[in-house]
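**Q** Need coordinates for the following:
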Amino acid sequence: MIYLLRHGQTEFNRDGRYQGQSDSPLTDLGRRQATAFGALLAEQVQDARIFSSPLQRAVSTARLIAQALPGARVILDDRLRELSMGHCDGMTRAEIAARWPDVRRGHPPRQWMFHTPGGERLDEVTARLASVLAVVAATKGDVILVSHAVTGRLLRGLHASLALSEALQLDAPQDVVYRLLSDQRVDALPRTML
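**A** Numbers count the residues shown, from 1 in each chain. Now for the predicted structure:
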């Protein structure tokens, strides 16, 4: 079984900043979310491998989850990193609008992120995420993927063969573990209640 989750809350999440590939530490709430993920997954998985984005917020989350899963290994996979928004990484919506007033215009909802100055393009992101899904689908045993908001939406969309516009409108909560089922469906375990 493949389990997918977003890292716990970070200082940038709390402050309304787009992180992209910049990083900020988990908040106290983020650490509690990661610990709750571990407790929830301990009831579900056997002999799990944890594949994590190498960005520190995901690594911290993965390590807290691993504490609840005896024998679980955390494997850092660069393909799971968040979308790079280039020069917009770490900025608020207001800061982006002040510096590049037209960057959000002319694109469908949430697709402007693939058109930021110096940022990563959609085909680059989807190619690396599709390769992760191919690898983990062939992995024996349970797999836990610790990713991010945009990449988590895209991973669920790729798995379920959703249109891009539909995938990008999916929620990206920080208190839900999704299961990527073998028949291309995606469901969620009960929320961690934090």
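**Q** Just want the phi and psi numbers for the residue positioned nearest the centre of the chain.
**A** Nearest residue to the geometric centre of the chain (Cα atoms, centre = their mean): His148, 2.0 Å. His148 adopts backbone torsions of phi -140, psi -170, taken as degrees, to the nearest 10.
**Q** Could you do Leu26 as well?
**A** Torsion angles, degrees, to the nearest 10, at Leu26: phi -60, psi 140.
**Q** State the distance from the residue nearest to the centre of the chain to Leu4.
**A** 11 Å (Cβ to Cβ, to the nearest Å). Any C-beta I mention is one placed from the backbone N, CA and C, and that applies to glycine too.
**Q** Ala39 too?
**A** 17 Å.
**Q** With Arg99 instead?
**A** 33 Å.
**Q** Settle it for me: which of these two has more neighbours?
**A** Leu4 (25 against 12; other Cβ atoms under 10 Å).
**Q** just checking, that one is part of a strand?
**A** Yes. Assessed with DSSP: H, G, I helix; E, B strand; the rest coil, Leu4 lies in a strand.
**Q** Show me the strands in this protein, by range?
**A** Here the chain has its strands, by DSSP state E, at 2-6, 49-52, 73-76, 143-147, 177-180, 186-188.
**Q** Quick check: buried residues in the fifth one?
**A** In other words, strand 177-180. 177-178, 180 (16 or more other Cβ atoms under 10 Å).
**Q** Just to check, Asp142 is in contact with Leu4?
**A** No. Asp142 lies out of contact with Leu4 (Cβ atoms under 8 Å); the separation is 11.9 Å.
**Q** Give the buried residues for stretch 61-73.
**A** Buried residues in stretch 61-73 (16+ other Cβ under 10 Å): 61-66, 68-69, 72.
**Q** what does stretch 120-140 give?
**A** 120, 125-126, 128-129, 132-133, 136.
**Q** Same check on stretch 110-122?
**A** The neighbour-count check on stretch 110-122 (16+ other Cβ under 10 Å) flags 110, 112-116, 119-120 as buried.
**Q** Dump stretch 152-160 to CSV, keeping only the CA atoms.
**A** Once non-C-alpha atoms are left out, stretch 152-160 reads as follows in CSV (Å, rounded to 0.1, in the frame of the first residue of the first chain):
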residue,chain,number,x,y,z
GLY,A,152,1.1,16.1,-3.1
ARG,A,153,-1.8,17.3,-5.3
LEU,A,154,0.0,16.3,-8.4
LEU,A,155,0.9,12.9,-7.1
ARG,A,156,-2.7,12.1,-6.3
GLY,A,157,-3.7,13.5,-9.6
LEU,A,158,-1.2,11.4,-11.5
HIS,A,159,-2.2,8.3,-9.6
ALA,A,160,-5.9,8.8,-10.3
